[in-house]
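# quick one: sequence plus predicted model below, questions after.
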Amino acid sequence: MELTLAHSPDADDAFMFSALALGKLEICGYSFKHVLQDIETLNRAALEGVYDVSAISFHAYPYVAKNYLLLSCGASVGDGYGPLVVVPADAPDEKVPAAVAVPGEMTTAYLALKLWRPSVKTKVLPFDQIAGAVINGQVEGGLIIHEGQITYPQEGLKKIIDLGAWWKEETGLPLPLGGNVLHRRHENRAAEIDGLLRQAIGWALAHRDEALSHALSYARGLGKEDADRFVGMYVNAWTLDLGEQGRRAVDELLSRGHRAGIIGQKPALKWTAC
C-alpha cells in the first residue's frame with residue numbers, strides 16, 4: 001500500500017524521515033510517497049483531507065480533526081525555546097512591534113503570538129520572506145520559524161521575545177509546535193503505520209551522521225554544525241513520543257486558544273498510540 005507522507009522541506013523533517021527516504025527499513029508491504037510543502041500549505045491541505053500522513057501545526061488540529069487522528073510520535077516541540085519575534089537590529093530595545101509578519105494564521109507560531117499579545121496586528125507572508133520584509137522595512141516585526149531561529153542575527157535582526165521561552169514561563173510546559181496526523185480512513189492500520197514512523201525516527205536518532213547528511217540538502221544554507229543544532233532542537237525524545245506531558249501541553253495550548261477566542265471550537269483530542 002502506498003501512502004502519501006507530507007512534510008516540510010526542512011532539515012528537521014528530512015532528518016526525521018531519512019530512513020524512509022533512504023530505504024533503510026523493512027516496511028512490510030507499505031511504501032511512502034514523500035510530498036514536500038511548507039507547513040501552512042500542509043495545514044490548508046489537511047482541511048480537505050488530502051494526504052494519508054501529514055505534518056501539521058498543532059494549532060490547525062481543531063480545524064482538521066474531522067479528517068485526522070493525532071500521532072504521538074513525530075512532533076516538533078520547543079522545550080523552553082520556539083518561534084521568535086524579531087525586529088531590525090538597530091530598532092529601540094524597548095519597542096514591541098504593533099504589527100508583525102507571520103508565516104500563516106493556522107501555524108502554532110501565530111497562535112502563540114496572539115496569546116502573548118492579543119492586540120498585535122498581523123500580515124501573512126511566506127515564512128522564508130519574513131526576515132527580508134523586516135530588514136527592508138515592509139513590516140515592523142516578523143515571526144521567525146524554522147532555521148531563521150538560528151540565522152536571524154546574521155541577517156541583521158534582533159529578538160524581541162522567544163515565544164517558546166515565554167510559554168514555558170507561563171505554563172511550565174514545552175511548546176508543541178507541529179505534529180503528524182493520520183487520515184481517519186486508515187484508523188484500522190494506525191498501529192502498524194505508527195510503528196513504522198516511530199522506527200524511522202528511532203533510526204535517524206541512532207544513525208545521526210547518516211541522517212544528518214541526508215538532511216543537509218534541505219538545510220537552506222545552514223552549515224553542518226548549525227544544521228545539527230537545529231535538528232537537535234526539534235528531533236529528539238519528544239519526537240519519539242510526546243508522552244503524558246507533551247499531550248497535556250497540546251491540550252493546554254488549544255484550550256488557551258479557545259478561551260482567548262482564537263480557536264472557535266476545541267475538539268476532543270483523538271490520539272493513536274505509537
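Done, it's in.
# show me where the stretch 51-200 of the chain has strands.
Taking DSSP state E, counting those that start in this stretch as the test, the strands found in the stretch 51-200 of the chain are 53-57, 68-71, 76-78, 84-88, 99-102, 121-124, 141-144, 157-162, 175-183.
# can you put these in a markdown table and add distance to Lys224, mean neighbour count and mean pLDDT?
For every residue, glycine as well, the C-beta is placed using N, CA and C. Below are those laid out as a markdown table (distance: least, Cβ to Cβ, whole Å; neighbours: other Cβ atoms under 10 Å; pLDDT from 0 to 100):
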| stretch | distance to Lys224 | mean neighbour count | mean pLDDT |
| --- | --- | --- | --- |
| strand 53-57 | 24 | 27 | 98 |
| strand 68-71 | 29 | 22 | 96 |
| strand 76-78 | 20 | 27 | 97 |
| strand 84-88 | 23 | 23 | 97 |
| strand 99-102 | 29 | 22 | 97 |
| strand 121-124 | 32 | 14 | 97 |
| strand 141-144 | 22 | 28 | 97 |
| strand 157-162 | 23 | 18 | 96 |
| strand 175-183 | 24 | 26 | 97 |
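# can you say which of those is nearest to Gly132?
Counting by Cβ to Cβ, Gly132 lies closest to strand 141-144 out of the strands of the stretch 51-200 of the chain; the figure is 9.0 Å.
# what is that closest one packed up against?
The contact analysis (3 or more Cβ pairs under 8 Å, 6 or more residues apart in numbering; DSSP states H and E) places strand 141-144 against strand 84-88, strand 99-102, helix 108-116, helix 130-135, strand 157-162.
# let's see that with 6 Å instead.
Counting contacts by 3 or more Cβ pairs under 6 Å, 6 or more residues apart in numbering; DSSP states H and E, strand 141-144 packs against strand 84-88, strand 99-102.
# and the strands of the stretch 51-200 of the chain as CSV, adding distance to Lys24?
Converted to CSV, the strands of the stretch 51-200 of the chain look like this (distance: least, Cβ to Cβ, whole Å):
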stretch, distance to Lys24
strand 53-57, 18
strand 68-71, 20
strand 76-78, 21
strand 84-88, 34
strand 99-102, 36
strand 121-124, 37
strand 141-144, 32
strand 157-162, 35
strand 175-183, 19
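# for Tyr234, which of the helices and strands packed on strand 141-144 is the nearest?
Closest of the helices and strands packed on strand 141-144 to Tyr234 is strand 84-88, at 14.1 Å (criterion: Cβ to Cβ).
# would you put the C-alpha positions of that closest one in CSV?
C-alpha atoms of strand 84-88 as CSV (Å, rounded to 0.1, in the frame of the first residue of the first chain):
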residue,chain,number,x,y,z
LEU,A,84,10.9,34.4,17.7
VAL,A,85,9.5,37.9,17.2
VAL,A,86,12.3,39.9,15.6
VAL,A,87,12.9,43.5,14.6
PRO,A,88,15.8,45.2,12.9
